[in-house]
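J.: Quick one, what's the 3D model for this:
(one chain, ligands or ions: 2)
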Amino acid sequence: MEESKKMNILVLGVSGAGKSTLIKAISGTEVVTGVGEGNTQKIDVYESSTWPLRCIDTKGFEYNIIEQYKTIHQIKKFTKEQIADKDDDNVGIDAVWYCIEGTARRTFSHNINLMNKAIKGWKNIPVFAVITKSYSEVDIPANIEAVEQAFAKSQKSINLKKIIPVVAEEYAINEEVIVPPRGIDTLCLETLDCLDEAKELNKTNRDAMILEQKRFTSHGLVIGSTTSAVVIGAVPIPFPDSVILVPLETGLTKLIFKIYGIDYSNDLITGIVGSTMLTNIAKQILKTIPIAGAVANGVVGGALVFALGESVILASEAMYSGKLDPTKIDETVKFVGEKVKENPIIDYTVSYFEKNKDKILDKKPKEIFNEILDSMKNTKRIAN
Ligand SMILES: Nc1nc2c(ncn2[C@@H]2O[C@H](COP(=O)(O)OP(=O)(O)OP(=O)(O)O)[C@@H](O)[C@H]2O)c(=O)[nH]1
Ligand SMILES: [Mg+2]
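T.: Residues are numbered from 1 along each chain as shown. Ligands and ions are numbered 1, 2, ... in the order given. Next up, the predicted model:
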């Protein structure tokens, strides 16, 4: 499979099943075209630079039957015109992802039948059932069984390859329990495995693609946590009381370790998050900033969580490749601490405040923080 060749994946599902969220969770994915009349009719094609996949995001099926037929018609028309005539090497849809919402088991059968109608007549196209929003681990076996049964009862001609539970975006059950994203790399790898030529590429690039996906997912988590940190941090208390950020930092650190499959101990988490290192860095930054108060605290809180998250990613990568041992707590804490100090956001934050002293009074901490991130993005590639 050459660099430029990609598998075309048609993503189907009822409205709200999580099609767009799923596609956006795939590393390196950017929209390449928007096709169709009007907003609701839009079919977007997303291409991943990490995986040799091109995802076609369709309009979700609605409950209204007329709308359902319109959607089916639109999908058929689109796939015929846009993909089928491209060129001989790139004919048609290579696989279909059925998005089935894991929290709505009673609707599985009905929704699977609808999707079957949309691909009726396509010979032998590989279908992957993606159980989206698979937040509850205990529900997964029963959901898989229900999907199997629904397929068994529906048209026999459907070539169901695999049923894959996915959490595309982290999901907070409560303040302490956050379900990390899962299943995206499995879905992409299994999909590639169903095409012979992709299988080859899969063999050589597999590890790189998996790592890139982990990186992308983790960066997304860091950005999400940073946004919360800016809000949480912007309270009028002195920074040494920055324990308010500890739950967030703890959650983020654990999630990143989970994504990399790192077997961490609670002592390691406490070592990283509970060390005086972060507070000391915060104090140092605040000393050099010409303003004080909630705005500065919020922005510095955001910068710290960002630097911490990025450093935990670096530590996880070092552990993943066997260069760092998570059972050696002191060594790991030191590694993370050094990376936090080296993170460019610290300098960017200080110099932002120096340069914009007079302009920050009317701004919200979030706005300032985004400007700092943007200025970094322009000079260095970071997560977005
Ligand atoms: N936390 C979390 N939310 C999700 C996940 N998947 C979907 N959602 C949420 O579910 C809602 C619907 O998701 P979308 O991705 O927009 O669904 P869709 O299938 O594209 O819907 P249409 O475009 O209307 O057809 C959004 O609020 C998403 O944020 C997930 O894995 N985690
Ligand atoms: Mg959508």
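
J.: Following element in sequence after the strand or helix carrying residue 211, please.
T.: For residue 211, the element it lies in under DSSP states H and E is helix 196-233. On the C-terminal side of helix 196-233, the nearest following helix or strand under DSSP H and E is helix 246-259.

J.: what's that following helix in contact with?
T.: Contact with helix 246-259 is made by 170, 175-176, 178, 180-181, 214, 217-218, 221-222, 225, 228-229, 232, 264, 269, 272-274, 278, 305, 308-309, 312-313, 316, 326, as judged by C-beta atoms under 8 Å, 6 or more residues apart in numbering. (Each C-beta comes from the backbone N, C-alpha and C, glycine too.)

J.: what's the burial count for residue 172?
T.: 11 (other C-beta atoms under 10 Å).

J.: Also residue 30?
T.: Around residue 30 there are 9 residues (other C-beta under 10 Å).

J.: Tell me the secondary structure at residue 32.
T.: strand (DSSP: H, G, I helix; E, B strand; the rest coil).

J.: separation between it and residue 43?
T.: Note on residue 32: its distance to residue 43, by C-beta to C-beta, to the nearest Å, is 12 Å.

J.: So which of these two has more stuff around it?
T.: residue 43 (20 against 11).

J.: Dihedrals phi and psi, that one?
T.: phi -110, psi 120 (degrees, to the nearest 10).

J.: Okay, and the beta partners of it?
T.: residue 35 (DSSP bridges).

J.: What pLDDT is listed against it?
T.: As predicted, residue 43 sits at a pLDDT of 79.

J.: Confirm for me that it is in contact with residue 71.
T.: No. Counting by C-beta atoms under 8 Å, residue 43 does not reach residue 71; the two are 10.1 Å apart.

J.: Please work out how many residues are found near residue 153.
T.: 11.

J.: Distance-wise, check the residue in the stretch 51-200 of the chain that ligand 1 sits nearest to relative to residue 74.
T.: Using C-beta to the nearest ligand atom, the closest approach of the stretch 51-200 of the chain to ligand 1 is made by residue 60 at 2.2 Å. Note on residue 60: its distance to residue 74, by C-beta to C-beta, is 11 Å.

J.: cool, residue 52 as well?
T.: Note on residue 52: its distance to residue 74, by C-beta to C-beta, is 26 Å.

J.: So for the two, which residue has more residues nearby?
T.: Using other C-beta under 10 Å as the criterion, residue 52 and residue 74 rank with residue 52 on top: 24 against 19.

J.: Measure how far whatever helix or strand residue 367 lives in is from the centre of its chain, please.
T.: Using DSSP H and E, the element containing residue 367 is helix 365-379. Its chain's average C-alpha position is 21 Å from that of helix 365-379, according to C-alpha atoms, centre = their mean, to the nearest Å.

J.: counting contacts, what elements does that helix pack onto?
T.: helix 196-233, helix 294-320, helix 344-355 (3 or more C-beta pairs under 8 Å, 6 or more residues apart in numbering; DSSP states H and E).

J.: How far does the second one sit from its chain's centre?
T.: What separates the centre of helix 294-320 from the centre of its chain is 18 Å, taken as C-alpha atoms, centre = their mean.

J.: do the longest one as well
T.: Shown here is helix 196-233, whose average C-alpha point lies 7 Å from the average C-alpha point of the whole chain (C-alpha atoms, centre = their mean).

J.: what angle do that helix and helix 344-355 make?
T.: 40 degrees (axes from the mean of the first three to the mean of the last three C-alpha atoms, to 10 degrees).

J.: I'd like to know how many residues surround the closest residue to residue 352 other than its chain neighbours.
T.: Distances taken as C-beta to C-beta, 6 or more residues apart in numbering put residue 372 closest to residue 352, at 5.0 Å, once the chain neighbours are dropped. If you count neighbours by other C-beta under 10 Å, residue 372 ends up with 22.

J.: about what we covered before: would you mind listing the buried residues in the helix holding residue 211?
T.: 198, 201-202, 205, 209-230, 232-233 (16 or more other C-beta atoms under 10 Å).
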